[in-house]
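> Predicted model and sequence below, questions to follow.
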Amino acid sequence: MKILVVGGGGREHTLAWKLASDSCKPELFCAPGNAGTLEICTNLDIGAEDVDGLLRWAIENKPDITVVGPEVPLCAGLTDRFNDAGLLVFGPNKAAALLEGSKLFAKEIMQAGGVPTASAVSFVSADDALAYVADHSFPLVIKADGLAAGKGVYICADNKDAEKAINDVLVAREFGDAGSELLVEECLVGEEVSILALIDGENILMLSSSQDHKRAFNGDKGPNTGGMGAYSPAPIMTDELWPVVKEEVFQRTLDELKKRGIKYQGVMYAGLMVTAEGVKVLEFNCRFGDPETQVVIPRIKGDLVPVLQACIDGTLRDDMIEWRDESCACVVMAAGGYPGSYNKGDAVLGLQDGAVKENVIVFHAGTAIKDDKVVTSGGRVLGVTALGKDLRSALDKVYVSLTHIEFDQAQYRTDIGKKAL
Ligand code: AMP
Ligand code: GLY
C-alpha cells in the first residue's frame, strides 16, 4: 500500500505519523513534507499547491490513496483531476470544496438548508457595504468571500473598524479576487469548538471535539494566527450537543449539497460557536484543522487507513473509530514575529532530549534539514503534543518538554487549555 500525503505542516506530519503505525505498514510519501515527515516518509520536492506536479508524480508512481491536507489544492480541483486519471483521493472535489473556498457559497448552503449560522448580507460595492454598516449596530463581522489564509475575517467593534475592513477587501483588494465580494455578518457571542466529521458522500462519522486557540498571545490577545495550540476533547461540547450538531450542521449541509448534485467526500470541518441560543456555524473548512488534527488523531485507537478507504468507497460507518479516554494537548512553538515576519534557518535544539522524547510527540510544522540538522523554515515551527489521563496532565507534559526545546526567538502561549481547566 502506497500513500501520498499532500502538505508540509503539523497536520500532515500528524496524519503521516498515524498512517505510519497502521497495521498495513504503508509506504509513505509526503509532498513537500518537513523535517518531521522525513523520518517516516519519502519527502517529495513538489509543493502542496502544484497540482500539475503532484498529478505527474502520482500517474507515474500510482499511490493507492492520496490524502490531502491543505485547502488550496482541494479548491483547485486536485481530487477531480486525480480521479479523472483513475487515482483515489481522500478529500472533496472542487465543487464540494467550495464550502471552504467561498464563504458566500457556504452561507447560501446554510441558509437554504436551515443550518444555524450568523445572519449575513453580501456586497460587491464598497459604497453599498459602507451604507449598510453605517445603519447597523456593532459589533459586526466582515469576511472576504474567498480563501485568504485565515486573514480575511475582521471583527469590527465600530464603524471605523468596518470602514477599514471594507476598504482592505473591496478597494485595496488585499486578497485579490478572493475579496471581490464580502459578507457582513452578525457577531456571535459564546465559546468556540471545532467538530470534524468524516463523510463518504452519504454517511457521517463525527470525530472527537477539539478547541483551537487562534490568537497569537496569552489571554486571546494579539493578531489571529493559523492556531497556537489545541486540546481534545473540548468539554463545551456536551453529550446533548452531539446529536444536534450531527443533524442540524452536518446532515442538513450534506442534504443541501446533494440537492444541488454535489457529493461531499473527505473531512468536513465545522467551526462552531456555542451561543446562548444554541450552536451556530462560524465557518466550514473542507479539510482537517491545524492544529486540531494534532490533538484529535492521537486519540484514535486502531488503524486509520481502513477508515479513509471507507470514506472513498462509500462504506463509512459511525462506529469505525474507537477513542482513547485520555486527553490530548498541543502547544505550538512559533518563530518570533509570527504571524508577521520572522526568521528562518535557526537551529532547533533539544528534540532528542530524554525529557522530550519519552513524554511527548513533537509534530513538526515549519522545519527543514540543513547540514543534517533541524532548522526553522516557517512561522509555526513545532506542535508539542501529549496524551494524558486528563487535560491537566497532558498540558503538564507538554509544558515541561517545552522548556527543553529551543530555537532563537521561539514563542508560545502559556495558557493553552486554561479555559477548559
Ligand atoms: P473563520 O475563518 O470564519 O472561522 O473566522 C475566524 C475567526 O473569527 C473564528 O474562529 C471566530 O473566532 C471569528 N468569527 C468568525 N465569524 C464570527 C462571527 N459571526 N461572530 C463572532 N466571531 C466570528
Ligand atoms: N485551526 C484552524 C484551521 O485549521 O482552519
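Cool, the structure landed. Ligands and ions are numbered 1, 2, ... in the order given.
> okay, and the helix or strand of the chain with the least pLDDT?
helix 354-357 (a mean of 82; mean pLDDT, DSSP states H and E).
> What residues of that one count as buried?
V356 (16 or more other CB atoms under 10 Å). Where you see a C-beta, it was placed from the backbone N, CA and C, and this is true even at glycine.
> Next: stretch 290-302.
Here stretch 290-302 shows 290-300 as buried, counting by 16+ other CB under 10 Å.
> Does N359 touch K397 like I think?
Yes: counting by CB atoms under 8 Å, K397 is a contact partner of N359 at 4.6 Å.
> who touches both of those two?
Common contacts of N359 and K397 (CB atoms under 8 Å, 6 or more residues apart in numbering): A386.
> Is N167 in a helix, a strand, or coil?
At N167, secondary structure determined by DSSP: H, G, I helix; E, B strand; the rest coil is helix.
> Excluding residues flanking it in the chain, which one is nearest it?
Once flanking residues are discounted, N167 sits nearest to A126: 7.0 Å by CB to CB, 6 or more residues apart in numbering.
> Kindly report the same for Y338.
Per CB to CB, 6+ apart, closest to Y338 is G379, 3.6 Å.
> Show me the helices in this structure, by range?
Assigned by DSSP state H, the helices in the chain fall at 10-20, 51-61, 71-75, 78-84, 94-101, 103-113, 126-134, 159-166, 241-244, 252-259, 292-296, 305-313, 354-357, 391-402.
> from these, which stretch is densest packed?
With neighbours defined as mean count of other CB atoms under 10 Å, the helices of the chain peak in mean count at helix 292-296, which reaches a mean of 31.
> That one close to ligand 1?
No: on the criterion CB under 6 Å from any ligand atom, helix 292-296 is out of touch with ligand 1, staying 11.7 Å away.
> How about residues contacting that helix?
Contacts for helix 292-296 (CB under 8 Å, 6+ apart): 10-11, 14-15, 194, 196, 207-208, 210, 212, 227, 230-232, 269, 328-330, 363, 383, 385.
> What's the mean pLDDT across that helix?
Helix 292-296 shows a mean pLDDT of 98.
> can you give me how far that helix is from the chain middle?
Helix 292-296 sits 9 Å away from the centroid of its parent chain (CA atoms, centre = their mean, to the nearest Å).
> quick revisit: worst average pLDDT in the helices of the chain?
Among the helices of the chain, helix 354-357 carries the lowest mean pLDDT (a mean of 82).
> Contact residues of the stretch 101-250 of the chain facing ligand 1?
118, 141, 153, 155, 185-188, 192, 214.
> need those residues in CSV with neighbour count, can you?
Formatted as CSV, these follow (neighbours: other CB atoms under 10 Å):
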residue, neighbour count
A118, 19
V141, 19
V153, 18
I155, 14
E185, 22
E186, 15
C187, 14
L188, 20
E192, 16
K214, 17
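> Quick check: the farthest pair among the residues you listed?
E186 and K214 (19.2 Å; CB to CB).
> Any idea which of the helices of the chain gets closest to K221?
Counting by CB to CB, and looking across all of the helices of the chain, nearest comes helix 159-166 at 16.5 Å.
> and the closest one, what other elements does it pack with?
Helices and strands touching helix 159-166, as assessed by 3 or more CB pairs under 8 Å, 6 or more residues apart in numbering; DSSP states H and E, comprise helix 126-134, strand 140-144, strand 153-156, strand 182-186.
> can you tell me which residue is nearest the centre of this protein?
In the chain, the centroid-proximal residue (CA atoms, centre = their mean) is G289; its distance is 1.8 Å.
> which one is S393 nearest to, not counting chain neighbours?
S327 (7.6 Å).
> so that neighbour makes contact with G388?
Yes: if you go by CB under 8 Å, S327 and G388 touch, sitting 5.8 Å apart.
> and the nearest residue to G314 once chain neighbours are set aside, how far is that from ligand 1?
Take G314 and drop its neighbours on the chain: the residue closest to it by CB to CB, 6+ apart is D200, 4.8 Å away. Per CB to the nearest ligand atom, to the nearest Å, D200 is found 25 Å from ligand 1.
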